[in-house]
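Visitor: The sequence and its predicted three-dimensional model are supplied below.
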Amino acid sequence: MHKLNNSFSGIMRNCRQFVQSLIVFTFFLFSTYLAVGQDYFSLLGASNLSGGTATTDVWSANNNQAGLAFQEPFISVAFDYQNRFLMKSLDQTSFAISHKSKSGGFGLSFNSFGIETFNTKKVTLSYGKSFGSKFSFGLGLDYINIFQSELYGSKNLFTFEMGMMAKPTEKFNIGAHVFNPIRAKIDDYSGETMPVILNLGVRWQATNQFNITADIMNDVVNQINISARGEYLIREIIFVRLGVVHNQNLSYTFGVGLHLGDFYIDFSNRLHPVLGQSPGVSIRYDFIQ
């Protein structure tokens with residue numbers, strides 16, 4: 001009986017050690033993922049989930065500053081929320097405002113990714129200038145704050161991004177954008193830098209009711225991300241969107257948008273074959289002069 005009790009105690013002790021080790025490993029894995037997976041740059045806006053480098057709207061303040069030059073509203077404001085893989089720790093909240101003037105388009109965007117203990121915040125001041133009716137150039141100045149728990153502290157970084165946009169025809173846009181071409185350093189000791197991210201996109205307004213966008217994104221280190229999306233206008237106020245995103249896996253995107261005068265609301269979702277769904281919503285209001 002004594003041996004049986006000792007054996008049972010040993011099993012329980014091993015089980016406790018295993019559970020403790022599993023908790024520590026899970027925390028370490030999750031923390032590492034957040035630390036190296038900080039979202040320094042991503043396309044914002046629920047309607048741009050599968051491509052927005054060649055799109056001209058208020059989110060050009062972040063996605064491609066050259067698009068601000070071709071934006072139509074006098075002033076536009078927008079808010080976006082995305083819940084990646086239904087995990088609170090991967091929430092992304094964004095805000096943007098843009099202003100169209102005779103001297104060009106001005107924009108300001110704010111993006112926050114993560115939770116209180118692991119997060120990245122990005123503020124971008126943008127300007128876009130057209131050269132004729134078919135070409136524009138844009139520049140964005142970035143302030144980025146990276147917080148990786150009390151242990152690693154906070155980092156404040158400055159970098160910039162720039163983009164170009166061409167309109168060969170009224171219905172076809174080509175956009176190119178680069179984020180962080182100077183490879184801003186995160187840590188001087190290790191030499192770690194933020195990634196250089198390159199985007200190339202097209203948008204084709206096939207008919208008054210249907211358009212197609214496609215993007216290629218490459219962060220120089222990881223695999224190329226390819227996305228494409230079709231958008232169809234139903235009954236003047238309802239948009240339906242279907243798209244695909246291919247990185248290491250093929251994800252599917254879909255969404256619905258409502259156009260109510262100068263007010264827009266967009267719902268989106270991305271279905272990953274392994275990690276699940278990532279719902280999002282955006283609201284936007286245009287002030288027409």
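Guide: On my side now, so go ahead. Numbers count the residues shown, from 1 in each chain.
Visitor: contacting residues around residue 115?
Guide: 88-89, 91 (Cβ atoms under 8 Å, 6 or more residues apart in numbering). (Glycine included, C-beta is placed from N, CA and C.)
Visitor: Residue 241 now?
Guide: Residue 241 neighbours (Cβ under 8 Å, 6+ apart): 47, 49-50, 229-232, 253-257, 268.
Visitor: now, which of the contacts of residue 115 sits nearest residue 61?
Guide: residue 91 (20.5 Å; Cβ to Cβ).
Visitor: And for the closest one, nearest residue in space, chain neighbours not counted?
Guide: Of all residues not flanking residue 91 in the chain, residue 83 sits nearest, at 5.7 Å (Cβ to Cβ, 6 or more residues apart in numbering).
Visitor: Which pLDDT value goes with the one you found?
Guide: Predicted confidence (pLDDT) for residue 83: 91.
Visitor: now do residue 48
Guide: For residue 48, the predicted pLDDT is 78.
Visitor: And the helices in the stretch 51-200 of the chain?
Guide: 60-63, 149-152 (DSSP state H, counting those that start in this stretch).
Visitor: if we can go back for a sec, considering the contacts of residue 115, which is situated nearest to residue 43?
Guide: Among the contacts of residue 115, and counting by Cβ to Cβ, the member closest to residue 43 is residue 91, at 16.6 Å.
Visitor: Please report how far the spatially closest residue to residue 75 that is not a sequence neighbour lies from residue 273.
Guide: Distance criterion Cβ to Cβ, 6+ apart; nearest residue to residue 75, sequence neighbours excluded, is residue 287 at 4.1 Å. Distance of residue 287 to residue 273, computed by Cβ to Cβ, to the nearest Å: 41 Å.
Visitor: Ok, residue 56 next?
Guide: 32 Å.
Visitor: These two - which one has more neighbours?
Guide: residue 56 (25 against 9; other Cβ atoms under 10 Å).
Visitor: ok, that one - contacts?
Guide: 67-68, 70-72, 165, 173.
Visitor: Now list the buried members of those residues.
Guide: Buried members of the contacts of residue 56, counted by 16 or more other Cβ atoms under 10 Å: 67-68, 70-71, 165, 173.
Visitor: Can you get me a residue count around the residue lying closest to residue 122 once chain neighbours are set aside?
Guide: Counting by Cβ to Cβ, 6+ apart, the nearest residue to residue 122 once its immediate chain neighbours are dropped is residue 111, at 4.6 Å. Close neighbours of residue 111, defined as other Cβ under 10 Å, add up to 22.
Visitor: Residue 281 and residue 265 touch, don't they?
Guide: Yes - contact criterion Cβ atoms under 8 Å: residue 281 and residue 265 qualify, at 7.3 Å.
Visitor: Residue 236 sits in which helix or strand?
Guide: Counting by DSSP states H and E, there is no helix or strand that carries residue 236.
Visitor: Tell me the pLDDT of it.
Guide: For residue 236, the model assigns a pLDDT of 80.
Visitor: Would you format the helices of the stretch 51-200 of the chain as CSV with mean pLDDT and mean neighbour count included?
Guide: Shown next, in CSV, are the helices of the stretch 51-200 of the chain (pLDDT from 0 to 100; neighbours: other Cβ atoms under 10 Å):
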stretch, mean pLDDT, mean neighbour count
helix 60-63, 94, 34
helix 149-152, 70, 10
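Visitor: circling back: buried subset of the contacts of residue 241, written for ChimeraX?
Guide: Of the contacts of residue 241, the buried ones can be selected in ChimeraX as follows, counting by 16+ other Cβ under 10 Å:
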select :47,49,50,229,230,231,253,254,255,257,268
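Visitor: Okay, domains of the chain per the record?
Guide: 1-36, 39-287 (automatic domain parsing).
Visitor: Tell me which of these sits most buried.
Guide: Ranked by mean neighbour count, those are led by domain 39-287 with a mean of 18 (mean count of other Cβ atoms under 10 Å).
Visitor: And it, how far out from the chain middle?
Guide: Offset of domain 39-287 from its chain centre (Cα atoms, centre = their mean, to the nearest Å): 5 Å.
Visitor: hmm, back to that, who's in contact with the residue nearest to residue 75?
Guide: Residues 73-76, 262 are the ones in contact with residue 287 under the rule Cβ under 8 Å, 6+ apart.
Visitor: residues touching the residue nearest to residue 122, list them.
Guide: Taking Cβ under 8 Å, 6+ apart as the test, what residue 111 contacts is 39, 42, 44, 62, 92-94, 121-122, 124.
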